[in-house]
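J.: Sequence and predicted structure are below.
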Amino acid sequence: MAQDSVPPLPKSSSNAKGCIIGCLIVFVIGVAGVGIATYAAYNAGMGALNAITETEPRPLPEVVMTEEETTAASEKFERFTEAVKSGASDEKAFSFSGQEINVMLRSNDTSRVLGESVFVTVEDDEIRGEVSFSLGDLVPLPFMEGRYANGSATFSVSTNDGRLFVFIENFRMKGEDAPPEILEGLRQENLAKDMMSDPEFQEMMENIDSIAVEGDQLVVTLK
């Protein structure tokens, strides 16, 4: 399937200056799930939509961190955000575990629509996200009401010449791989391209040297 046959993905509405890492991951996983479900609804009828979505949410793993660890993660995130905004910091490298990212998601999602609906794992040089979110909350269309996207995604993150690249490696819904023709298109799509068109996000990326997944950490290095 050609790349332009993948349905347009919803744009991020997150505040780039507020949650660059956490909101990025919510956005990446969310647009993939919504893209697949919307494609199924428009191109293969309601039967296909029902086949890849469910009528109930699935429970996600709990974020297991002590109060001290949660406080430390929040403080690190605040230092990181200030360093990226100001472009001046003695601390040049910030590492985030999957659990720390989950703390960011929950503390920065004021809508409560996505933060509680995503669980992130970082391990073996790969980011994985489990999701369970209401499509009706994201896509205000009648046929999306009462349908839940329950699945998981793995993706790669890299930077080059001040630009951020996020690509889906695999996507599963209801325990099944996404249809090959849809996954092929998603794999060619830089899911961060809309964020790169945001002037605030571009401004922050000018202060970032690299973003990479190393072992069980997402590492952001500043210039």
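T.: Arrived safely, thanks for sending.
J.: Am I right that Ser107 is in contact with Thr71?
T.: No. Assessed by C-beta atoms under 8 Å, Ser107 is found out of contact with Thr71, at 11.0 Å. Any C-beta I mention is one placed from the backbone N, CA and C, and that applies to glycine too.
J.: More neighbours: which of these two?
T.: Neighbour count, other C-beta atoms under 10 Å: between Ser107 and Thr71, Ser107 has more, with 15 against 12.
J.: that's a helix at the more buried one, yeah?
T.: Yes. Counting by DSSP: H, G, I helix; E, B strand; the rest coil, Ser107 falls inside a helix.
J.: Who does the residue nearest to Met173 when sequence neighbours are not counted form a beta bridge with?
T.: Leaving aside its chain neighbours, Met173 sits nearest to Gly151 (3.7 Å; criterion: C-beta to C-beta, 6 or more residues apart in numbering). Under the criterion DSSP bridges, Gly151 forms beta bridges with Val131, Met173.
J.: do the same with the one 5 residues further on
T.: Beta-bridge partners of Ser156, counted by DSSP bridges, are Phe167.
J.: again with Phe119
T.: Per DSSP bridges, the residues bridged to Phe119 are Glu130.
J.: what do you get for Arg163?
T.: Arg163 forms beta bridges with Asn160, as assigned by DSSP bridges.
J.: ok, so what distance separates it from Thr221?
T.: Applying C-beta to C-beta, to the nearest Å, one obtains 15 Å for the distance of Arg163 from Thr221.
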